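Chemist: Sharing a sequence plus its predicted fold:
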Amino acid sequence: MAARPWTDRGKTLRLACWNADGVRSRKLELEHFLAQNGVDICLLSETYLNPGEAFRLASYDCHRTDRPIAGAGKAILVRRGVTHHPVPVPGLTQLEATTMQIVLASR
């Protein structure tokens, strides 16, 4: 599936939240869900990816926050073509966060 700019659907940006409960074992299910629903940004929780372990989906950029040891973890999948930038969140000790700035209509 080729990446397409989100503006192809006018000003609609489709978001989804997904409790992956181990994203590796559910990758095909996730890909199918994203394609069927035209999701532009997907917030993933409970990824259970190990630090440094690669995770890629066609047509999406993946931004992750992993735990130092194997465990839950968070990720944001952003469809290629949606202008975005990671935003650092320094100083969190009791909280996990992955943040993005999405550029809408050149703003």
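Modeler: Cool, the structure landed. Not measured: the values here are computed from a predicted model.
Chemist: Quick one: mean pLDDT for stretch 80-98?
Modeler: Stretch 80-98 comes out with an average pLDDT of 85.
Chemist: can you check stretch 55-74 too?
Modeler: The model assigns stretch 55-74 a mean pLDDT of 83.
Chemist: Quick check: buried residues in it?
Modeler: Buried positions in stretch 55-74, judged by neighbour count with 16 or more other Cβ atoms under 10 Å: 55, 57, 60, 61, 62, 63, 64, 65, 66, 72, 73, 74. C-beta coordinates here come from the backbone N, C-alpha and C atoms, glycine included.
Chemist: Likewise for stretch 39-55?
Modeler: Within stretch 39-55, the residues that count as buried by 16+ other Cβ under 10 Å are 39, 40, 41, 42, 44, 45, 47, 48, 49, 55.
Chemist: contacts for that stretch?
Modeler: Counting by Cβ atoms under 8 Å, 6 or more residues apart in numbering, stretch 39-55 makes contact with 6, 13-24, 30, 33-34, 60, 62, 64, 66-79, 82, 100, 102, all of which sit outside it.
Chemist: cool, and stretch 66-83?
Modeler: With Cβ under 8 Å, 6+ apart, stretch 66-83 has contacts from 3-6, 13, 23, 34, 39-52, 55, 57, 59-65, 84, 96-98, 100, 102-103.
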